[in-house]
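Chemist: predicted structure and sequence below. I'll ask about it afterward.
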Number of protein chains: 2
Amino acid sequence: MGKGEQTRAAVLDQAVQVARRVGLNGLTIGTLAEQAELSKSGLFGHFRSKEALQLQVIEHARSRFEEQVARPALRGPRGEPRLRTLFERWLEWSAAPGGCPFVAAATEFDDRPGVVRDRLLQDERDMFDMIVTVFRTGVAEGHFRADADPDQFAQDLYGVLLARHHTLRMLGDEQADVRARRAFEALITAARPIPSD
Amino acid sequence: MGKGEQTRAAVLDQAVQVARRVGLNGLTIGTLAEQAELSKSGLFGHFRSKEALQLQVIEHARSRFEEQVARPALRGPRGEPRLRTLFERWLEWSAAPGGCPFVAAATEFDDRPGVVRDRLLQDERDMFDMIVTVFRTGVAEGHFRADADPDQFAQDLYGVLLARHHTLRMLGDEQADVRARRAFEALITAARPIPSD
DNA sequence: GCCCTTTCCGAACGATCGTGCTTTTCTTAG
DNA sequence: CTAAGAAAAGCACGATCGTTCGGAAAGGGC
């Protein structure tokens, strides 16, 4: 790996952190440059445009998400346990300083057509599908009811995460986590098959 | 009401619409001015700073929320029916073009201390408290279980709204509404007292 | 150690940002 | 109708935005 790739990765690391706080549009070449101790044009050279920078920030964030949330969950046993580690990892992920970059980016770009939105849409779809898939294998394992709607479950679960994100970060309510876990348990319980006693 | 107050209100109407799409920081004096067919300085004179403009945009949005969501709900019968109209009105409110301005503003400012965040925090708290209060009167009416946690319910309900907001606007999934209503029904059902047969 | 390539800097560009002034135009009360 | 006051325009400012370009500095293969 050459020198260029190296600094580019360092810049992206920093950029993701910044984007968590100020959003993808709040990202500024100048600010990013002085944080990386580079000249504006020096930094700019690594990305041919701001839009390209934003796209790479998204891709970088996605890599982090996969290694911190998705992969650890997929390594564990299928079904309900996998769903639990997915949920817990996701809680950690979005408790990082600045919150979840995808939550910020999605609300920022949900009304701005373009390549950035397209890329975000793809990633969000993948996350949604991941929940659906994990839940489906849970059904196959017999952990969840066969007539449960995976899409419904995915939207519900994402709601739990979003509400916790909001309650914790905006309202500053420390109880957000325990409520989120309670809501998660309620979802799981409702999805479990009726015990055939 | 003088001429000034009149145009100021017109500008704020427009500004709220714009803020739904581009956020409070995306608001620009220049853009706003030409949409209002005013000069930059002519518009600027109505608000002594951009920050003051943002604050007034928030207040304006709150007024709209109260007249379109809160008041209609509080006019109806207490308890579960009131909760239902609150929910339905809220769905309409955030289905407006650009989505809910508070969702956009909250994710934008949850990490930016200052008067704007303070004002947003106050409004968000009020909304949260409104859900809590409506649910409490539902308990008093005997519609909901006495041992149910109103704060838990509020966070859960807000999660349903946020997930629907996200699923509809970002993912563009038309089913978001029917899932949101199903989730709402599940919440209500779980909160109802055990039938004493 | 040389040479070509990559990486980075310095300076500058047009545009737009928020914000002050001064002056002109419009409202409105007496 | 007129004079006082409010509303809007016009213009300019410093700052910062994203972007371009030519040259200096550093990197890496031989």
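Modeler: Cool, the structure landed.
Chemist: can you tell me the element A:Pro193 falls in?
Modeler: Using DSSP states H and E, A:Pro193 sits in no helix or strand.
Chemist: oh sorry, the question was meant for A:Pro72
Modeler: Going by DSSP H and E, A:Pro72 is in helix A:71-75.
Chemist: and that helix, which residues are buried?
Modeler: Residues of helix A:71-75 classed as buried: A:72-73 (neighbour count, 16 or more other C-beta atoms under 10 Å in any protein chain shown). For glycine as for every other residue, the C-beta is placed from the backbone atoms N, C-alpha and C.
Chemist: what does the next helix or strand after that helix contact?
Modeler: Toward the C-terminal end, the helix or strand that comes next after helix A:71-75 (DSSP H and E) is helix A:80-95. For helix A:80-95, contacts defined as C-beta atoms under 8 Å, 6 or more residues apart in numbering or on different chains pick out A:65, A:68-70, A:72-74, A:76, A:100, A:103, A:130-131, A:134-135, A:137-138, A:141, A:143-144, A:157, A:161, A:164-165, A:168, A:177, A:180, A:184, A:188.
Chemist: among these, which lie within helices?
Modeler: A:65, A:72-74, A:103, A:130-131, A:134-135, A:137-138, A:157, A:161, A:164-165, A:168, A:177, A:180, A:184, A:188 (DSSP state H).
Chemist: so which of the contacts of helix A:80-95 are also by chain B?
Modeler: Among the contacts of helix A:80-95, the ones lying close to chain B by the criterion of C-beta under 8 Å from any C-beta of the partner chain are A:103, A:161, A:164, A:180.
Chemist: and chain B, is stretch A:9-25 touching that?
Modeler: Yes. Counting by C-beta under 8 Å from any C-beta, chain B has neighbours in stretch A:9-25: A:20-23, A:25.
Chemist: separate out the buried members of those residues.
Modeler: Of these, these count as buried by 16+ other C-beta under 10 Å: A:20, A:22-23, A:25.
Chemist: list the helices and strands the helix or strand containing A:Ser41 packs on?
Modeler: For A:Ser41, the element it lies in under DSSP H and E is helix A:40-44. Where contact means 3 or more C-beta pairs under 8 Å, 6 or more residues apart in numbering or on different chains; DSSP states H and E, helix A:40-44 is packed against helix A:29-35.
Chemist: returning to that earlier point: in ChimeraX, how would I select the buried members of the ones in helices among the contacts of helix A:80-95?
Modeler: Per 16+ other C-beta under 10 Å, the buried members of those correspond to this ChimeraX selection:
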select /A:65,72,73,103,130,131,134,135,138,157,161,164,165,168,180,184,188
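Chemist: restrict the ones in helices among the contacts of helix A:80-95 to those near DNA strand C?
Modeler: For DNA strand C, no contacts are drawn from the ones in helices among the contacts of helix A:80-95 by C-beta under 7 Å from any atom of the strand.
Chemist: can you tell me the SS state at A:Glu37?
Modeler: coil (DSSP: H, G, I helix; E, B strand; the rest coil).
Chemist: tell me, how many residues neighbour A:Ala36?
Modeler: Residues near A:Ala36, counting by other C-beta atoms under 10 Å in any protein chain shown, number 18.
Chemist: likewise the one 5 residues further on?
Modeler: Counted with other C-beta under 10 Å, the neighbours of A:Ser41 add up to 9.
Chemist: tell me the pLDDT at it?
Modeler: pLDDT, A:Ser41: 97.
Chemist: could you do A:Lys3 as well?
Modeler: 84.
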